[in-house]
Structures are given as C-alpha cells and as structure tokens.
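Undergrad: I need the structure of the sequence given here:
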Amino acid sequence: MRFARFLLLGTLVSATLVLAPLQARAADINEVATGFSKDNKYDFRLNVRYDAIFKRTALNREYIGNAAGIDVVKDLVFKQITHRLNLRAELALYKDFALYINLPIILYQKARYGFASGSRYHGYSGEQDCRTAHPTNPWVCNPDGVNANNSRFVQDGLASGLSGFGYVDSSGNNIPSNGAVGDIAGVGVPPDYMVSGGVAGPRSLFEGPGRSGLDQLHLGIHGLLFSQKRHPSFPDWRFGVEFRIAVGKVMDFTRTPAGDTSCGPASENNWNCRPSLNKAVGRGVHEVRFFTTASKFSNLWKGGGIDSFIHIYFQMPFAYKGGSFYSTKYDFSANFGEESKSPVMKAPMKAGIFLGGEFIVFTDKVKGHKISIELTGMIEGTFEGRDYSEAYELLAGAPALNLYCDGAGGASSTNTSYDQFCRNAALRDKLMYYPGITTVENFVRFGVRVGVHAQITRYAKLSLVYSLTHEQEHFLTTDDAGEDNINVNGVIDVDTAELNPWHRPVINQAGHRIRAQETLIHVLSVGLKLMF
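TA: Next up is the predicted model:
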C-alpha cells in the first residue's frame, strides 16, 4: 500500500513537470536513434559504460533465546564489489524507432563475508560478573561483537568447509579442521578463530571466488509515439520491450574447489562430488522487460532549462535454461507441497519508477556542445521469488542443508522428515546438494542518482553518474514447510507429499531465518556515447 502511494504521488508530480511549457529536445534517458529524415538518413549509436558497484548488507539471524519473543541479532556482514562493462549498439529502423543490443559484461565480482563488529566478545572483562548478577536475564550480558564462537551461521553448521572450518560427514559427525581445539554445537572452530581473553579473533569468515563473465544478452526495440522535435506541443513519449536472454554459464559453488578426488568423475549424485567450483555469473533466467518513458523540456533561461522525465518498467521471467536451478528438473510442485505452483514464475518479478530531470546549464547549438546535470529519484520493487541472494555462497552446498541418503536410497541419515525424498531416486539425486538459491521476501529499493552529461561534439557525449540505493530490510529464507493439501488437518504432515523439498528448518523456520538489513549500494558510472 505504501509503495502504491509513492507510485501515485511520483506520477502526479512528474506529470505536472512533463506538461509544462516546452521547447524541443530529449533527456538522456529518453534518447532514441532516429533515421530516415532529410537531415539524418542513417543513425547508429555506440555506448560504452563502466560501472563500479559496491554493496554492503548486514546478514542477521532470528533468535529466540532472549525470552522476549523472536529477536533479530547481529551476525555477518556481506560486502561485494562488481566491475561491469556495458557495451550497447543501437540502430535506427525507421524515423523514431530503433533496435538495440546490450552486453553487460561482469569484469570482476567478489563477495566477502565478515563477522559483525562490536566492543564485547565472549570472555570480555566482567562478563561472568554480569551473568551472576542477572541469572534470569542472561541476555543482558550477551556480547555485541560476533565471531566464530557466537555466530549463528557457524553454530548451525553453515560455515562447515569454509576458511578451514570442519565438515560434517554423511552421519552428521563433525570432522574438525586440522588442529581445531574448539567444538561449538558440533562444528569445529579452527584455533585462529577461538576467543582468547575477549579478543575477537579474525574478522573475516571467508571470501568467495572472483567471478566474471556474461549473464544475459539484452535485445530490445523502442520508439517514440510522440516526438517533441516533430511536434513542439507534444512530449517525447517512448515505449519499448527488451528481451534478456540468458547466455552465460550458470554460477555454482561447492565447498571444495576440486571436490573429493575419491569420487571419480564429477557427479551431482553426491554433494561432495559436484563439479568443481566455477567462476560464472549466470542465473539461467530468461526475462522480458516492458518500459515507457515520457520527457519534456521547459526553456526557463537563456540557452537552458529543465528536461523533466518519468520512466516506468516491469520485468518478469518467462523461461529458464536447462542447466539452471530453476529448470524443470528442480521443479517439484507437481508431486510435493512446493511453495510455488507456477513453473514460470519462480524467479522474482521486478518493477520500478524513476522520476527526475536534467538541468541544462550550457548549450552551444553551432558547435554542438551541451552540458546538463541530472537529478533522479527511484523506487524499485522486487517481488517474492527464488533467487540468488546475498547469502547464496554461504548456503550453497552447506553440509547442514544437504540431504545425506544412503547409497541404496533408504532413509535420510540426518533428518527423518526427509525420508520420502531419499526413497525417491530421481529426487534424491537433485536434493543431495543444496543449490543455495532461496525464496526471498519481496522488498523495495529507494535511491537517488546524480550525474553530469556533457556533449563535447555533435558525435560524442560523456557521462559521469553516481547513485546511492537503500534496500528495505527483508528475509532471504522464506521457503514454506509445504502445503496442507492431502490430510487437511492444519499441519504439514511428515513423510507425505505435503512437504516442500526446499524447506530447511535451520534457515527457514521462524527463529532461524536470515534477514538482510542496512543494505547500501553505491554505483559510479562513466560512459561514452558515440553518435554516427
């Protein structure tokens, strides 16, 4: 409801600006290659843009041990840096309609997971005195700093196999790291991570692989239904559709780069025998985006004015690559109580609105020079769906989430609730290894973008843009236990098809879910557009 109010308010404000007195021109966000006219028979444009993206998210966990209901307590901090190169070519088809192709190439992407900071750790001076003074309220004395001794991710076995942490074998027994002297909730803690005299120990849990490559190829067509240049009383009103085709290798993650050498050829029938860890960035999701943009220029001073605009888009998945974790072989909704009954809408849908304007501060029509300053506000919504979240590399292949079944397809050796999955040979092979994607709660992004656009000749334009975005806090693990659709008795019955094969109580049950908080995304972009 709140998002709808923002959308309505933004539309009204933007409409007021767009319908102001005008003079012909087009905002950078609303430019279309235009050809087949007397002064410009052919129009081809090439845009090269570099993006540096810095993202930080607090990955916190629900906790029920403070006798005050369910709290959300600090745990890990996720930091990711991405260097991206966008190559876009656009060709005019007829007058104000054009075809374009865009390649968003990930040059480098790396995630780092560290423990949340604080001034007190287990063993801090006065901790025991505090607990003695508050025997019925021990949470008053809880450390506010996180390390391997009190991290829920470590205690729940989600860190096993990372940065020297031990594995849990197929019988659920802990295999500690070499030389480990601690054992927290059945998980070996390496000596370097142990707390000594309240000293925190290493602040980094682990770093993911350096990834690079291409996820999707963007192919689109767009055009102006109304053109301010052709009809000064009209706005520039653009419509378009863009197909985002998954072409890159699907990203995967395992706890051992080479797998277990005793397994022989790589196989998905055993989690420790998965193909070696890859450095791909693809999700295997084909998407379609519909968008419209309206802009108008108001000549408010000599040689300049304000070009206000509104941009709205809606994006949805429509198909998946066969090798992705969204493919048919991972769709169990026909036989089990999987949360989503639609085989098409597994990945999240997205929508957004951009409201802003370009302030034209200098124009030289003779030499073709123009300088403008952009100020844009944005609201984007991501709907609930299965996705690669900030916790993806923490969850993919985690021993606490994998299913351990005996070779004959008998009962699960870790949780009897999963016995029926182990008895199903086809299902067992797919669920042995937990892929890491989860059902992420819907959330909204709020952001602002400022930039400078400088047309240095008639044929070239430079852009420098910075954006800051904040994500509304949301849960990353919300897979339901199943659907009460067989023995309708108000509960999900164990060992029936009511169970959701993707549900894992250690991360999906209330009191254990992962919550993304305090997310900030910084993006710095430098672009060059060539117009022929």
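Undergrad: so which residues of the stretch 151-300 of the chain form helices?
TA: Counting by DSSP state H, counting those that start in this stretch, the stretch 151-300 of the chain has helices at residues 152-155.
Undergrad: which residue packs closest to the most centrally placed residue in the chain, ignoring adjacent ones?
TA: For the chain, the residue nearest the mean C-alpha position is Ser389 (4.9 Å; C-alpha atoms, centre = their mean). Spatial nearest neighbour of Ser389, excluding adjacent residues (C-beta to C-beta, 6 or more residues apart in numbering): Leu476 at 4.4 Å. Glycine gets a C-beta too; all of them are placed from N, C-alpha and C.
Undergrad: now Gly368
TA: Leaving aside its sequence neighbours, Gly368 sits nearest to Arg458 (C-beta to C-beta, 6+ apart; 3.5 Å).
Undergrad: pretty sure the one you found is touching Leu530, no?
TA: No: contact between Arg458 and Leu530 fails when scored by C-beta atoms under 8 Å: they sit 10.9 Å apart.
Undergrad: between the two, who's got more neighbours?
TA: Shown here are Arg458 and Leu530; by other C-beta atoms under 10 Å, Leu530 has more neighbours (14 against 11).
Undergrad: got a list of what that one touches?
TA: Counting by C-beta atoms under 8 Å, 6 or more residues apart in numbering, Leu530 touches 45-47, 459-460.
Undergrad: is it in a bridge, and if so with what?
TA: Here Leu530 sits in beta bridges with Leu46, Ala460, as judged by DSSP bridges.
Undergrad: just say helix, strand or coil for Asp419.
TA: Classification of Asp419 by DSSP: H, G, I helix; E, B strand; the rest coil places it in helix.
Undergrad: distance of it from Lys329?
TA: To Lys329, Asp419 is 21 Å away according to C-beta to C-beta, to the nearest Å.
Undergrad: what about the residue lying closest to His286 once chain neighbours are set aside, neighbour count?
TA: Among residues not flanking His286 along the chain, Ala319 sits closest, at 4.2 Å (C-beta to C-beta, 6+ apart). Neighbour count for Ala319, taken as other C-beta under 10 Å: 15.
Undergrad: in stretch 346-360, what's buried?
TA: 346-358, 360 (16 or more other C-beta atoms under 10 Å).
Undergrad: among those residues, which are in strands?
TA: Cross-referencing the buried residues of stretch 346-360 against strands under DSSP state E gives 350-358, 360.
Undergrad: any stretches of the stretch 151-300 of the chain with poor pLDDT?
TA: For the stretch 151-300 of the chain, the stretches flagged by pLDDT under 70 are 163-164, 166-188, 255-277.
Undergrad: you'd agree the residue nearest to His286 is up against Gly284?
TA: No: Ala319 lies out of contact with Gly284 (C-beta under 8 Å); the separation is 9.7 Å.
Undergrad: sorry, back to before: tell me how far the residue nearest to Gly368 lies from Asn47.
TA: The value you get for Arg458 to Asn47, if C-beta to C-beta is used, is 16 Å.
Undergrad: lowest-confidence entry in the contacts of Leu530?
TA: pLDDT across these is lowest for Tyr459, at 88.
Undergrad: so what's that one closest to, chain neighbours aside?
TA: Residue nearest to Tyr459 in three dimensions, not counting chain neighbours: Met531, with 5.2 Å by C-beta to C-beta, 6+ apart.
Undergrad: list the contacts for the one you found?
TA: Residues near Met531 by C-beta under 8 Å, 6+ apart: 43-45, 458-461.
Undergrad: measure it to Thr457 for me?
TA: Separation of Met531 from Thr457 (C-beta to C-beta): 9 Å.
Undergrad: quick check: mean pLDDT across stretch 476-492?
TA: 86.
Undergrad: which other residues reach that stretch?
TA: With C-beta under 8 Å, 6+ apart as the test, stretch 476-492 has contacts from 59, 336-339, 384, 389-391, 395, 438-441, 493, 496-500, 502-504, 507-509, 513-516.
Undergrad: end to end, how far does that stretch reach?
TA: With C-alpha to C-alpha, to the nearest Å as the measure, stretch 476-492 spans 22 Å from end to end.
Undergrad: tell me the buried residues in that stretch?
TA: Residues 476-483, 492 are the ones in stretch 476-492 that count as buried (16+ other C-beta under 10 Å).
Undergrad: now tabulate those residues in JSON lines and tack on secondary structure.
TA: Converted to JSON lines, the buried residues of stretch 476-492 look like this (three-state DSSP):
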{"residue": "Leu476", "secondary structure": "coil"}
{"residue": "Thr477", "secondary structure": "coil"}
{"residue": "Thr478", "secondary structure": "coil"}
{"residue": "Asp479", "secondary structure": "coil"}
{"residue": "Asp480", "secondary structure": "coil"}
{"residue": "Ala481", "secondary structure": "coil"}
{"residue": "Gly482", "secondary structure": "strand"}
{"residue": "Glu483", "secondary structure": "coil"}
{"residue": "Ile492", "secondary structure": "coil"}
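Undergrad: got JSON lines for these, with distance to Thr254 too?
TA: As requested, the buried residues of stretch 476-492 are arranged in JSON lines below (distance: C-beta to C-beta, whole Å):
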{"residue": "Leu476", "distance to Thr254": "20"}
{"residue": "Thr477", "distance to Thr254": "20"}
{"residue": "Thr478", "distance to Thr254": "25"}
{"residue": "Asp479", "distance to Thr254": "21"}
{"residue": "Asp480", "distance to Thr254": "27"}
{"residue": "Ala481", "distance to Thr254": "27"}
{"residue": "Gly482", "distance to Thr254": "28"}
{"residue": "Glu483", "distance to Thr254": "31"}
{"residue": "Ile492", "distance to Thr254": "30"}
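Undergrad: ok, which pair from the contacts of Leu530 is furthest apart?
TA: Using C-beta to C-beta, these reach their maximum pairwise distance at Asn47 and Tyr459, which is 12.8 Å.
Undergrad: who has more neighbours, those two?
TA: Neighbour count, other C-beta under 10 Å: between Asn47 and Tyr459, Asn47 has more, with 19 against 12.
Undergrad: measure that one to Met531 for me?
TA: In this view, Asn47 and Met531 are 9 Å apart by C-beta to C-beta.
Undergrad: and what of Tyr434?
TA: In this view, Tyr434 and Met531 are 49 Å apart by C-beta to C-beta.
Undergrad: and for Phe314?
TA: In terms of C-beta to C-beta, Phe314 sits 29 Å off from Met531.
Undergrad: could you flag which of the contacts of stretch 476-492 are buried?
TA: Among these, those that count as buried by neighbour count (16+ other C-beta under 10 Å) are 59, 336-339, 384, 389-391, 395, 438-441, 497-500, 502-504, 507-508, 513-516.
Undergrad: what about the residues you listed, which are in strands?
TA: 59, 438-440, 514-516.
Undergrad: check the residues you listed and tell me the two furthest apart.
TA: Most distant of these, by C-beta to C-beta, are Leu59 and Thr439, 16.3 Å apart.
Undergrad: quick check: bridge partners of Thr82?
TA: Judged by DSSP bridges, the bridge partners of Thr82 are Ile53, Gln109.
Undergrad: go ahead and confirm it touches Gln109.
TA: Yes: in terms of C-beta under 8 Å, Thr82 counts as a neighbour of Gln109; the distance is 4.5 Å.
Undergrad: tell me the secondary structure for Cys422?
TA: Following three-state DSSP, we place Cys422 in the helix state.
Undergrad: verify the stated contact: it with Leu403.
TA: Yes: at 6.7 Å, Cys422 counts as touching Leu403 under the criterion of C-beta under 8 Å.
Undergrad: run a quick neighbour tally on His218.
TA: Other residues within reach of His218, judged by other C-beta under 10 Å, total 17.
Undergrad: what separation is there between it and Phe325?
TA: Taking C-beta to C-beta, one finds His218 at 22 Å from Phe325.
Undergrad: ok, now Ser467?
TA: Per C-beta to C-beta, Ser467 is found 30 Å from Phe325.
Undergrad: who has more neighbours out of the two?
TA: Phe325 (23 against 18).
Undergrad: my read: that one touches Tyr434, true?
TA: No: Phe325 lies out of contact with Tyr434 (C-beta under 8 Å); the separation is 10.1 Å.
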